[in-house]
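Visitor: Model the structure of this input:
(2 chains)
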Amino acid sequence: MVNENLVKDVVKEPYKYGFVTDIETEKIEKGLNEDIIKLISQKKEEPEFLLDFRLKAFKKWQKMKEPNWAALGYKKIDYQDIIYYSAPKQKEKISSLDEVDPKLLETFDKLGIPLTEQKKLTNVAVDAVFDSVSIATTFREELAEHGVIFCSISEAVKNHADLIEKYLGTVVPASDNYFAALNSAVFSDGSFVYIPKGVTCPMDLSSYFRINSGDSGQFERTLIIAEESSSVSYLEGCTAPMFDTNTLHAAVVELVALDDASIKYSTVQNWYAGDEEGVGGIFNFVTKRGKCLGKRSKISWSQVETGSAITWKYPSCLLLGEESVGEFYSVALTNNLQQADTGTKMIHIGPKTKSTIVSKGISAGNSKNSYRGLVKMGTKATGSRNYSQCDSMLIGDQASANTFPYIKSQQPNSEIEHEASTCRISEDQLFYLQSRGIEFEEAVSMMVSGFCRDVFNQLPMEFAAEADKLLALKLEGSVG
Amino acid sequence: MEIIEKIKTNKSNDNQTEIQKICLHKLQSSPLPNPKSELWRLSNKSKLSNFLDYSINEKDSKFDIPYPKNSQSTIRLIIGENCQIKLIEKNYSIQQLSEDELQNYIKEQISFFKQNENWSELLNLSLSCKNNILGLKINGSKIPPIEIFSHASSNSLSAKTLVIFLEKNCDVELLQVNLGKENSSLSQTTFFCLKENSYVNHGVVSYGENRSNLLNSLNVIQQKNSTYNLGSLHFKFNYARFEINIKQSAGNAKTNIKGMQITKKDEQISTYTKIEFNGPDGFLDQINKSLADDRSHAIFEGSIIVPKIAQRTDASQLSRNLLLSNLAQIDTKPQLEIIADDVKCKHGATISQLNEEELFYMRTRGVTLAEASKLQLSSYFQEIISFIPISKDRWDLLDKLLNEN
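Guide: Now for the predicted structure:
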């Protein structure tokens, strides 16, 4: 018989990244109106078209209603009580990393993010975003040699305005949903990646998002464009300090893959989740969508969601190009009073398109973990195929696991398969492992890791190790 | 929508029963379901309004049973035909519920109803006159099979209600047949209460003629150790909704459901099921099959709700769908909502067309394409039809379905 309390202890683990960096920041006043948007745009010295884009989005947002269909309960967000721009004060122009405030470098160092030159060996280029602005992007010269553009979106607006104008808002239109409209109006920074024709990006690209102040929201925007026959692997990580207040994070990610291009987008999301009583934590409302525009293009989402008080996130693929492929691999762990409503949308539009969905949800404590996914076969998606698998694991009798798959087909010559299961940690397996001399905590951790194996296998190597460690940490608890 | 106007402006009159008054009152503020809610968002609005276009008919024309009675022992009942039922034999008894029993039970059920979730029931009970409500109390074993018919005459809307109490240790086979004549709407609501240790094989066969509509809702409450087997088939309706609500009130009960819906032309048929486990050790095995052809639309939404109290629940739900035309569409949404941790719950869904390899195999053996498709379909149908009680022996549904395909 498994000792219920033991399992519960095992899933308790304090948040490691909850420290606050004491740094002078420049903030604008709270509230949201046209003047604030103009101010943000002015601060970022943006061209006219972008200000127009923001203002149009704002107008649409004002007419929209906050969605309430998700299986989430949270206190009403006061959008006028949020600071929409916050940036660490720094010298006018930074030409090299040496000029970055050492406190900031130290922060990222503490988070294990290699920004400094001596850590180049890790061979991952990083764009570090602190509150509303990008602090540094590493390996730029090396990437430029291959024609790869990797910079913050503010820089891209200045230096590659043509690409921004051409692609921004084409995958996630400003009026797509409430949070995407809000983001389009006030987005502050984020990453921009452009991989030219025929180039395989020589290293993994990575963005690291850090919220530091308690009263400002983070609204980053990421845009990745992979030209014909190119490929890139992109990683994203997020943490935030512990505050008693809830911080809003509403991001938009847009991916565009042209003929034969492939984009792999991996996320390890570890925003602060609030304490055991559910006080504080990040409200994470994210719109991520990829457009497989070209023939044989491929977009693969993998995510490990362990943080945030509220998660509302559905990384999706629009499969337009013939024989394009969409993938979604997800692990979502919720504990205490966390609530997650996450899943994906696979919209098959072109013929012979294929998609795979593997989702693993683990709910512990009093948390709520829902999978919500849509698979749609359009009338032209002949010979298309989808396979979905959603497994949930429940730890303790207070947690809840829900599965809401929406399946729609208008094309007889296509196949959709969906399966879902819910289980608990098997007593037989635990007993077996323990009888072989494996400690209880380790056995639980091994089983959770095994449960998530299908997803971890899809993560880039460095990330897989980090994700495994992260889950193990969350499950380690009393053993430490 | 004549009926909705009537509900809106309703002034209670002496002919109305108390139940009608309560339900009309509940509907008055918002007489139509919320079209944006999950339960109604896929429902075809114009078809629903067509359902409500006919005027209410309280007295039906003479009803001809669609197939011959070839076993003397079968008990046949027609809802709406005013007859006294009192059968007391050595092993069993079938009696009509007293007016008080009927009223109290329905009133208790209404108290749990929500406007949107139970709109079909509320509409039914507000339209169903005294004559069209049949309440039965069944007791004993070795009961002959029972057939209950419900029908709507042409150019009218009929509302029929059936309430069945299965007493302790009772064991029965019951087939419910819902028939819609040309240009008609039938609102059928059934309440089933299974007491401890009771066992029922329940069949629901609904078929319509040209442009007929159906709103069929089934509410089942299962007490401990009861077994409820449901086999259902819905076809040939311009618009049909089959809503199943099953509650295992104290767990430890068994539910088996095998349902099928077939849509053609521009028909829309949907099945919504909600199974709640309110106690430990519940069991559910459910399969729902759809077949959509021409420009039709088939919908399945099933939710399984397992609260904390329902430990050791074992529930599985499968939605299998065949899409046979480029213009047809299928929506399916099997859902799990689980809080208890010691449970085994799973669901699955597939949408495809006929298996090409199997067709090819049969054709290499000299079977024509049409024959081979028919063979495949017959095996697809057979699993469900063999589960529908009584009809499988004397009413060759399989032939009926295949020959119309």
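Visitor: A:Thr21 - that's part of a strand, no?
Guide: No: counting by DSSP: H, G, I helix; E, B strand; the rest coil, A:Thr21 falls outside a strand, being coil.
Visitor: that's a helix at B:Lys6, yeah?
Guide: Yes: applying three-state DSSP, one finds B:Lys6 inside a helix.
Visitor: And the strands in the stretch 201-350 of chain B, which stretches?
Guide: Under the criterion DSSP state E, counting those that start in this stretch, strands of the stretch 201-350 of chain B are mapped to B:213-222, B:227-235, B:239-248, B:254-263, B:268-277, B:283-292, B:297-306, B:314-323, B:329-338, B:344-352.
Visitor: which regions of chain B sit below the pLDDT cut-off?
Guide: Scanning chain B for pLDDT under 70 picks out the ranges B:1, B:10-14, B:60, B:67-72, B:82, B:391-398, B:401-402, B:404-405.
Visitor: ok, back up a step: now tabulate the strands of the stretch 201-350 of chain B in CSV and tack on distance to chain A and mean neighbour count.
Guide: The C-beta positions use only the backbone N, C-alpha and C, and glycine is treated the same way. What follows is the strands of the stretch 201-350 of chain B, written out as CSV (distance: least, CB to the nearest CB, whole Å; neighbours: other CB atoms under 10 Å in any protein chain shown):
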stretch, distance to chain A, mean neighbour count
strand B:213-222, 22, 24
strand B:227-235, 19, 23
strand B:239-248, 18, 24
strand B:254-263, 13, 24
strand B:268-277, 13, 24
strand B:283-292, 9, 23
strand B:297-306, 8, 24
strand B:314-323, 4, 22
strand B:329-338, 4, 24
strand B:344-352, 4, 21
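Visitor: which residues in chain B form helices?
Guide: Assigned by DSSP state H, chain B shows helices spanning B:2-8, B:18-28, B:45-51, B:99-112, B:119-127, B:356-364, B:369-385, B:391-394, B:397-403.
Visitor: For these, could you give me JSON lines that also reports distance to chain A and mean neighbour count?
Guide: Listed next are those as JSON lines, based on distance: least, CB to the nearest CB, whole Å; neighbours: other CB under 10 Å:
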{"stretch": "helix B:2-8", "distance to chain A": "26", "mean neighbour count": "16"}
{"stretch": "helix B:18-28", "distance to chain A": "24", "mean neighbour count": "18"}
{"stretch": "helix B:45-51", "distance to chain A": "18", "mean neighbour count": "16"}
{"stretch": "helix B:99-112", "distance to chain A": "22", "mean neighbour count": "14"}
{"stretch": "helix B:119-127", "distance to chain A": "19", "mean neighbour count": "25"}
{"stretch": "helix B:356-364", "distance to chain A": "10", "mean neighbour count": "12"}
{"stretch": "helix B:369-385", "distance to chain A": "13", "mean neighbour count": "16"}
{"stretch": "helix B:391-394", "distance to chain A": "29", "mean neighbour count": "15"}
{"stretch": "helix B:397-403", "distance to chain A": "19", "mean neighbour count": "16"}
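Visitor: Please render the ones you listed as JSON lines that adds distance to A:Ser213 to the earlier fields.
Guide: Formatted as JSON lines, the helices of chain B follow (distance: least, CB to CB, whole Å):
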{"stretch": "helix B:2-8", "distance to A:Ser213": "54"}
{"stretch": "helix B:18-28", "distance to A:Ser213": "51"}
{"stretch": "helix B:45-51", "distance to A:Ser213": "49"}
{"stretch": "helix B:99-112", "distance to A:Ser213": "49"}
{"stretch": "helix B:119-127", "distance to A:Ser213": "49"}
{"stretch": "helix B:356-364", "distance to A:Ser213": "60"}
{"stretch": "helix B:369-385", "distance to A:Ser213": "61"}
{"stretch": "helix B:391-394", "distance to A:Ser213": "70"}
{"stretch": "helix B:397-403", "distance to A:Ser213": "66"}
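Visitor: Out of those, which is closest to A:Glu276?
Guide: helix B:99-112 (35.2 Å; CB to CB).
Visitor: Could you export the closest one as PDB, keeping only the C-alpha atoms?
Guide: What follows is helix B:99-112, C-alpha atoms only, in PDB (Å, rounded to 0.1, in the frame of the first residue of the first chain):
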ATOM      1  CA  GLU B  99     -50.400  10.100 -10.200                       C
ATOM      2  CA  ASP B 100     -48.700  11.200  -6.900                       C
ATOM      3  CA  GLU B 101     -45.700   8.900  -7.500                       C
ATOM      4  CA  LEU B 102     -45.300  10.200 -11.000                       C
ATOM      5  CA  GLN B 103     -45.600  13.800 -10.000                       C
ATOM      6  CA  ASN B 104     -43.300  13.600  -7.100                       C
ATOM      7  CA  TYR B 105     -40.600  11.800  -9.000                       C
ATOM      8  CA  ILE B 106     -40.700  14.200 -12.000                       C
ATOM      9  CA  LYS B 107     -40.800  17.200  -9.700                       C
ATOM     10  CA  GLU B 108     -37.700  16.000  -7.800                       C
ATOM     11  CA  GLN B 109     -35.900  15.500 -11.100                       C
ATOM     12  CA  ILE B 110     -36.800  19.000 -12.300                       C
ATOM     13  CA  SER B 111     -35.300  20.500  -9.200                       C
ATOM     14  CA  PHE B 112     -31.900  19.400 -10.500                       C
END
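Visitor: Show me what that helix packs onto, helices and strands only.
Guide: Under the contact criterion of 3 or more CB pairs under 8 Å, 6 or more residues apart in numbering or on different chains; DSSP states H and E, helix B:99-112 touches helix B:18-28, helix B:119-127, strand B:133-140, strand B:157-166, strand B:185-194.
Visitor: can I get those in TSV with distance to A:Val448?
Guide: Converted to TSV, the helices and strands packed on helix B:99-112 look like this (distance: least, CB to CB, whole Å):
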stretch	distance to A:Val448
helix B:18-28	48
helix B:119-127	43
strand B:133-140	50
strand B:157-166	45
strand B:185-194	40
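Visitor: Tell me which of those lies nearest to A:Lys30.
Guide: Using CB to CB, the nearest of those to A:Lys30 is helix B:119-127, at 44.3 Å.
Visitor: Quick check: closest non-adjacent residue to B:Val200.
Guide: B:Val172 (5.4 Å; CB to CB, 6 or more residues apart in numbering or on different chains).
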